[in-house]
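Participant: Below are the sequence and a predicted model; questions follow.
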Amino acid sequence: MKPDLKILIVDANPVRAAIIDEGLREAGFTDLVRIGASTTGLVAAIEAHDPDVVVIDLEDPSRDALADMFLVSRHVRRPITMFVDQSDTASIEAAVEAGVSAYIVDGLKKERLKPILQTCISRFNAFRKLREELDEARSQLEERKAIDRAKGIVMRLKGLSEDEAYALMRRTAMNEKRKLADIARSIITAAEVLK
Amino acid sequence: MTLHLRVGFLPLVDAALLVAAADGGFAEAEGLVLELTRDVSWSNLRDKLHVRLLDAAHMLAPAAIASTLGLNGVRAPMAVPLALNLNGNAITVSQRRFEELSRAAQGDLADPAVSAGALAMLVANRKASGLPPLTFAAVFAFSSHTYLLGEWMALGGVKLGEDVRFEVVPPVRTVEALSSGQVDGFCAGAPWNTLAVTSGVGAILHCGVDLARDCPEKVLAWRADDVERRGEAVSKLNAALIEASRWASSAANLPHLAELLAAPERLNTRADIIEAVLRGEIVQGGNRPARHVPDYIRLDPEAIRPDPARADWLLAGMARAGQFRDDPAAADIARSIFRPALFDARR
């Protein structure tokens, strides 16, 4: 693999762009340019940076501007084609599901793009997993807080110790076959309504 | 048995029948659970349809042709058992260009031949003074918007892509591109022209119907092989959309339709703006009164019949734009995308 390909990464999410950047560097690609939301025209950015490969986040609406550049273009020096291997539906599918698309500028051999696309797909998926884990951690923290708040309410209203209040909530959750956090939220809502 | 269908759409007024079918109960009446998913680009809808993340999609008629012929990157054959509307576009220019065109006009600017003549003068004057060429945008290369621009400019002998720069700007960025001066004008669907006018950035020069009567616009695209294999699903969705079309054809139902479209997970825009567009009450800007444009957008049962003859206007536009070389075999394929038999069977 010759490491001299210039890759343009179009991604409005700077964290994900950094993750992709890192992945491509590990794979031996060092000539990378990152641009965020392409408000002033993706075509202009491509003309300015003159990349060999464009990798774009599917959440960017200016992806449609790239389709225009397939037509041997009026303003762009080098025509662009989307990376497609008609015989390889699996890799198109993996890219679309991961939320990324790649474009080749001026007749670059498809085989040379493949490792780039693979890296991007795995990094996009890694980023999504990271975000899901973060969301999970966040919701666990919120549940923790709700349970603590509900415990305080039960202690105050029923004159119980912390351990007793917790045990009461647990028992209620088990009897009603609900999550402890749900019981806690119900207690908080009830306390607010009855305030 | 309940059938679950996932259909992708872009937040435009011409997604109206899909939204009415999903949120107005017409799909349910056919035993369908119709899940609409909003997207940001036509390329995404095409790819997601191709890899079956979607069952069907809101699609530009010429994009369905381009995709089937492989002019657009992926060769993804599509079939159209129903059109979603006719017309619905307008050409909007910046305030500044509107004033220049008004001054240059020899006659009534509302006449496309006059406005195109005025454009030709602007183009010539800019060239003579060494100013950069004007830039006009459409929302996708393979779109009736591109062909309407090309047809209008040709009336004045101006060539889109040569005398005037052509750029693709996604609908959500049209108003911004006009106000920043990135483009001098654009052709787009509703509600973007109205939004450019109401935000004081632009003036509507022509509605689509001024240039082409019954212009083919959005269609419901399925994968070509799915239309064969999944006849029952196609037929049920068609039936729901035909019912939605009957309902939407009554003026009394337009406020309700506008409400459904305005919802946050649909167009997320003001209902009154959408309703005005549906009624053909078009604010023009440029110190002119609002204009009543019958058939500004057509959603009626006659308009949604997928007529193969509609491919011809599109192919002519594609040829003018240099996207398609005259090729009878390819033209036959383009026509065969439209499948009126399925539509006529359910009507």
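Facilitator: Right, received. Where do you want to start?
Participant: Show me the beta-bridge partners of the closest residue in space to residue B:303 that isn't next to it in sequence.
Facilitator: In space, residue B:303 comes closest to residue B:86 once its chain neighbours are excluded; the distance is 4.4 Å by C-beta to C-beta, 6 or more residues apart in numbering or on different chains. From N, CA and C alone the C-beta is placed, and that goes for glycine too. Using DSSP bridges, the beta-bridge partners of residue B:86 come out as residue B:216, residue B:298.
Participant: quick one, what contacts residue B:86?
Facilitator: With contacts defined as C-beta atoms under 8 Å, 6 or more residues apart in numbering or on different chains, the neighbours of residue B:86 are B:214-217, B:295, B:297-298, B:303.
Participant: would you turn those into JSON lines with pLDDT, neighbour count and distance to residue A:163?
Facilitator: Supplementary listing: those in JSON lines, determined by pLDDT from 0 to 100; neighbours: other C-beta atoms under 10 Å in any protein chain shown; distance: C-beta to C-beta, whole Å:
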{"residue": "B:214", "pLDDT": "95", "neighbour count": "16", "distance to residue A:163": "76"}
{"residue": "B:215", "pLDDT": "97", "neighbour count": "24", "distance to residue A:163": "74"}
{"residue": "B:216", "pLDDT": "97", "neighbour count": "27", "distance to residue A:163": "72"}
{"residue": "B:217", "pLDDT": "97", "neighbour count": "26", "distance to residue A:163": "68"}
{"residue": "B:295", "pLDDT": "96", "neighbour count": "16", "distance to residue A:163": "74"}
{"residue": "B:297", "pLDDT": "98", "neighbour count": "24", "distance to residue A:163": "67"}
{"residue": "B:298", "pLDDT": "98", "neighbour count": "22", "distance to residue A:163": "70"}
{"residue": "B:303", "pLDDT": "97", "neighbour count": "20", "distance to residue A:163": "71"}
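Participant: Residue A:150 reaches residue A:190, doesn't it?
Facilitator: No: shown here, residue A:150 and residue A:190 do not form a contact pair, counting by C-beta atoms under 8 Å, at 9.6 Å.
Participant: the more surrounded of these two?
Facilitator: For residue A:150 versus residue A:190, the count of surrounding residues by other C-beta atoms under 10 Å in any protein chain shown is larger for residue A:150: 24 against 12.
Participant: List the residues that contact the spatially closest residue to that one that is not a sequence neighbour.
Facilitator: Sequence neighbours aside, residue A:184 is the residue nearest to residue A:150 in space, at 3.6 Å (criterion: C-beta to C-beta, 6+ apart). Applying C-beta under 8 Å, 6+ apart, one finds that residue A:184 lies in contact with A:143, A:146-147, A:149-151, A:169.
Participant: Next, the buried residues of the helix or strand hosting residue B:126.
Facilitator: Assignment of secondary structure by DSSP states H and E places residue B:126 within helix B:112-128. Taking 16 or more other C-beta atoms under 10 Å in any protein chain shown as the basis for neighbour counts, the residues of helix B:112-128 that come out buried are B:112, B:114-123, B:126.
Participant: How many neighbouring residues does residue A:164 have?
Facilitator: Using other C-beta under 10 Å as the criterion, the residues surrounding residue A:164 number 14.
Participant: what kind of secondary structure is it in?
Facilitator: Following DSSP: H, G, I helix; E, B strand; the rest coil, the label given to residue A:164 is helix.
Participant: Using the centroid of chain A, identify the residue furthest from it.
Facilitator: Ranked by distance from the centre of chain A (C-alpha atoms, centre = their mean), the top residue is residue A:159, with 46.9 Å.
Participant: And it, how far from chain B?
Facilitator: Residue A:159 sits 46 Å away from chain B, going by C-beta to the nearest C-beta, to the nearest Å.
Participant: Let me know the closest of the contacts of residue B:86 to residue B:30.
Facilitator: Using C-beta to C-beta, the shortest approach to residue B:30 within the contacts of residue B:86 belongs to residue B:303, at 20.5 Å.
Participant: Run through the residues that contact that closest one.
Facilitator: B:83, B:85-86, B:214, B:245.
Participant: Next, the contact list for residue 157, please.
Facilitator: No chain specified, so I'll use chain A. Contact analysis of residue A:157 by C-beta under 8 Å, 6+ apart lists residue A:191.
Participant: look at chain B instead
Facilitator: Applying C-beta under 8 Å, 6+ apart, one finds that residue B:157 lies in contact with B:116, B:120.
Participant: could you redo the last one with a cut-off of 10 Å?
Facilitator: Taking C-beta atoms under 10 Å, 6 or more residues apart in numbering or on different chains as the definition of contact, the neighbours of residue B:157 are B:116-117, B:119-120, B:123, B:163.
Participant: Check residue B:217 too.
Facilitator: Shown here is residue B:217, whose contacts under the criterion C-beta under 10 Å, 6+ apart are B:12, B:14, B:60-62, B:83-89, B:143-145, B:189, B:208, B:297-298, B:303, B:310.
Participant: So which of those residues are in strands?
Facilitator: Members of the contacts of residue B:217 lying in strands (criterion: DSSP state E): B:60, B:83, B:86-87, B:89, B:189, B:297-298.
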